[in-house]
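1. this is a predicted model, with the sequence first.
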Amino acid sequence: MKAYFIRRLLLVLPTLLGITLIVFSVTRFAPGGPMERALQAAAAGGEGQEGNSDHRNSTLSEDELESMEEQYGQDKPLLVAYFQWLGVAPKEDLIVKKEYGGAASGDTIDANFEVQMVLIGDDRLVSVKQADGELESFSYVNGKAAGADPRKDGWSVRIESPDDRKARKARRENIDVSEVGTEYTQRAVVYKERFSGLVQGDLGHSLAYGDSVWSMIFERVPIAFYFGILSTFIIYGICIPLGVLKAIQHRSWFDNVSSIAIFVGYSIPGYALGAVLLVYLGARLGWFPLFGLTSEGFDDLSLWQQVKDVAHHTVLPLICYVVSGFAFLTMMMKNNLMENLSADYVRTAMAKGVSFRRAVVGHAFRNSFIPIATGLGNLIAIFVGGSMLIENVFDIQGFGMLQYQAVLNNDYPVVMGTLTIAAFLMLIGNILSDVIVSFVDPRIKFN
C-alpha cells in the first residue's frame with residue numbers, strides 16, 4: 001500500500017502540468033485577451049477605427065505593439081511562454097532595443113556596426129559591436145567599469161535580423177511571412193534574464209488590478225475556509241445522524257416528511273435560493289443584510305459586536321451553501337445503512353444475541369460510512385474553492401468570487417493561479433480520500 005500512495009504522489013506533478021498546460025493554451029488563444037482589449041481601447045481613440053482590434057489597423061506603433069506583447073507574454077511561442085510561467089525558462093526583463101543601418105534589401109544587410117544604448121534601471125551606456133555578421137564585443141562605455149562586459153552583471157544581448165522581425169510580425173498578425181510588406185533593419189536587443197514563475201513561488205500580477213496574485217488569493221482564502229468549515233460541520237453533523245434515523249424508521253411519517261423536505265431543498269440551486277432570500281428576508285423584511293460579510297464601520301466595533309455582525313451576515317449565504325448537500329449525503333447514509341442492516345453478517349450478529357442498537361452502531365454503520373469516506377479527502381478543495389455563484393449573489397469577496405471576476409476580466413494570471421491551486425488541492429484530496437478509506441476499512445488494499 002505504501003508503494004501505491006508513493007506512485008499516486010509522483011503522478012500529481014505530471015497531472016498538474018497537463019492541466020495547467022491545457023488551460024494556459026486556452027487562455028493564450030481565447031478571444032478578448034488583455035492585448036486585444038488594449039488594442040481596442042487604442043483603436044477607439046483613432047479616427048474611423050472605433051472598436052477595431054486588428055493589429056494591422058491599430059493606431060499603435062510597431063514598438064508599442066512589441067512592448068505590449070512582451071508585457072503580456074505574447075512575444076514567445078506557446079511552449080516557451082508556458083515554461084516561463086512555470087519558472088523553468090528565463091524571462092526577458094528591462095529590454096532596450098536600437099536599430100542600426102538601412103533597411104535590408106534581399107540578402108544585403110550590414111555586417112559591421114556599432115551601436116550604443118542606455119540600460120534601463122542602470123543609466124549606464126553600453127556599446128554593441130558586430131563584425132563580419134558576428135557579435136564582436138558588448139561592453140560598458142562610461143563609468144568606472146568602462147570596457148567591462150555587462151554580461152557579468154546579468155545583462156544579455158542578441159541581434160535580431162530583418163527576417164526575425166518579419167517572423168515576429170507575421171506571428172502577431174497571424175499571417176504568412178511572405179505577406180509582411182514592411183522593410184526592417186537589423187536591431188540590437190539588450191536585456192536581463194530572470195527566472196520568475198510557479199517554481200519560484202511567483203504567480204505574477206493581476207492584469208486588472210496590478211496586485212500580486214498571491215496576495216489576492218491569500219486575502220480570499222480565509223473567507224472560503226470560513227464557509228467551507230462551517231458548511232461541512234453542519235452538513236455532516238446533521239445528515240449522518242439524520243440518515244441513520246431515516247434508515248431505522250424507514251417508511252414512517254418522519255422518514256416521509258424529512259425526505260420531502262430535503263429533496264425540495266436539493267431541487268433548489270443555492271444561488272437561486274440566495275436571490276429569493278435576499279428579496280424577501282433582506283430587502284422586504286430587513287432581517288438580514290443584503291451584501292458583504294461585514295457592515296460599514298466594522299473595525300470600530302467591539303469584539304463581541306464584530307462576532308455578532310459576521311454571524312448576522314453569515315446566515316443567508318450559509319443556508320445556500322448547505323441546502324444542496326443535505327439530500328445527497330442523507331440519502332446515501334440511509335441507503336447504505338439499510339443495505340448493510342439487511343446483510344447476512346448483521347442478521348447473524350443479532351441471532352447471536354447482539355442488540356439492534358449495537359448491530360447498527362458497531363457493525364452496519366462502519367461499512368455504511370465507507371462510500372461517504374471516499375469523498376472526505378475532497379473537502380480540502382471545497383474549503384478553499386468556495387462557490388462563485390453564491391458569493392456573487394451575496395457580493396462576498398471569497399475565492400470563488402475571485403475566480404469569477406478573473407474569468408470575466410480575462411485576468412489570465414489570476415485564472416492560472418487560482419486554477420493551479422484548485423487543481424493541486426483536488427489531486428491531493430483524491431489521495432487523501434484513499435487514505436481515509438484505508439483507515440475506515442482495513443480490508444481494502446491498494447496495490
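-> Now that the structure is in, tell me what you want to look at.

2. this protein: strands as residue ranges?
-> Here the chain has its strands, by DSSP state E, at 91-100, 113-118, 125-131, 134-140, 155-160, 186-194.

3. residues touching Met117, list them.
-> Contact analysis of Met117 by C-beta atoms under 8 Å, 6 or more residues apart in numbering lists 96-98, 125-126, 128, 188, 190. The C-beta positions use only the backbone N, C-alpha and C, and glycine is treated the same way.

4. which of the strands of the chain sits closest to Phe291?
-> The closest of the strands of the chain to Phe291 is strand 91-100. By C-beta to C-beta, the value is 39.8 Å.

5. buried residues in the closest one?
-> Residues 91-92, 96 are the ones in strand 91-100 that count as buried (16 or more other C-beta atoms under 10 Å).

6. show me where pLDDT drops low in the protein?
-> The model of the chain has pLDDT under 70 over residues 1, 32-35, 37-60, 101-111, 133, 144, 377-386, 441-447.

7. domains in it, by residue range?
-> The record's domain parsing of the chain by automatic domain parsing lists 92-194, 213-440.

8. in JSON lines: the strands of the chain, plus distance to Thr348.
-> Formatted as JSON lines, the strands of the chain follow (distance: least, C-beta to C-beta, whole Å):
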{"stretch": "strand 91-100", "distance to Thr348": "68"}
{"stretch": "strand 113-118", "distance to Thr348": "88"}
{"stretch": "strand 125-131", "distance to Thr348": "88"}
{"stretch": "strand 134-140", "distance to Thr348": "86"}
{"stretch": "strand 155-160", "distance to Thr348": "78"}
{"stretch": "strand 186-194", "distance to Thr348": "70"}
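
9. quick one: closest of those strands to Asp434.
-> strand 91-100 (38.4 Å).

10. packing partners of that closest one?
-> helix 62-71, strand 113-118, strand 186-194 (3 or more C-beta pairs under 8 Å, 6 or more residues apart in numbering; DSSP states H and E).

11. if you set the cut-off to 7 Å instead, what comes out?
-> Applying 3 or more C-beta pairs under 7 Å, 6 or more residues apart in numbering; DSSP states H and E, one finds that strand 91-100 contacts strand 113-118, strand 186-194.

12. most packed of these?
-> strand 186-194 (a mean of 20; mean count of other C-beta atoms under 10 Å).

13. now the angle from that strand to helix 62-71?
-> 20 degrees (axes from the mean of the first three to the mean of the last three C-alpha atoms, to 10 degrees).

14. and stretch 76-85, how far out from the chain middle?
-> 18 Å (C-alpha atoms, centre = their mean, to the nearest Å).

15. now it: buried residues?
-> Within stretch 76-85, the residues scored as buried using 16+ other C-beta under 10 Å are 76, 81-85.

16. ditto for stretch 293-302
-> Neighbour counts over stretch 293-302 (16+ other C-beta under 10 Å) mark Leu293 as buried.

17. dump the buried residues of stretch 76-85 to TSV, plus distance to Glu62.
-> Converted to TSV, the buried residues of stretch 76-85 look like this (distance: C-beta to C-beta, whole Å):
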residue	distance to Glu62
Lys76	18
Ala81	21
Tyr82	26
Phe83	27
Gln84	23
Trp85	26
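
18. so which of those comes closest to Lys169?
-> The closest of the buried residues of stretch 76-85 to Lys169 turns out to be Lys76 (C-beta to C-beta; 14.7 Å).

19. residue contacts, the closest one?
-> With contact taken as C-beta atoms under 7 Å, 6 or more residues apart in numbering, Lys76 is in contact with Gln84.

20. got phi/psi on it?
-> Phi and psi for Lys76, reported as degrees, to the nearest 10, are phi -120, psi 160.

21. could you check how far it is from Tyr82?
-> In this view, Lys76 and Tyr82 are 9 Å apart by C-beta to C-beta, to the nearest Å.

22. likewise Phe218?
-> As for Phe218, its distance to Tyr82 is 25 Å (criterion: C-beta to C-beta).

23. what's the longest helix in the protein?
-> Scanning the chain for the longest helix, with DSSP state H as the assignment, gives helix 303-341.

24. buried sites along it?
-> Across helix 303-341, burial judged by 16+ other C-beta under 10 Å covers 309, 313-314, 316-327, 329-334, 336-338, 340-341.

25. show me what that helix is packed up against.
-> With contacts taken as 3+ C-beta pairs under 7 Å, 6+ apart, helix 303-341 sits against helix 213-248, helix 253-267, helix 270-277, helix 365-373, helix 388-394.

26. any idea which of these is most buried?
-> Mean neighbour counts for those (mean count of other C-beta under 10 Å) peak at helix 388-394, with a mean of 22.

27. just the CA trace of that helix, in PDB.
-> Extracted in PDB, the C-alpha atoms of helix 388-394 (Å, rounded to 0.1, in the frame of the first residue of the first chain):
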ATOM      1  CA  MET A 388     -18.500  31.600  -7.200                       C
ATOM      2  CA  LEU A 389     -22.300  31.800  -7.800                       C
ATOM      3  CA  ILE A 390     -23.300  32.100  -4.100                       C
ATOM      4  CA  GLU A 391     -20.500  34.600  -3.400                       C
ATOM      5  CA  ASN A 392     -21.600  36.600  -6.500                       C
ATOM      6  CA  VAL A 393     -25.200  36.700  -5.300                       C
ATOM      7  CA  PHE A 394     -24.200  38.000  -1.800                       C
END
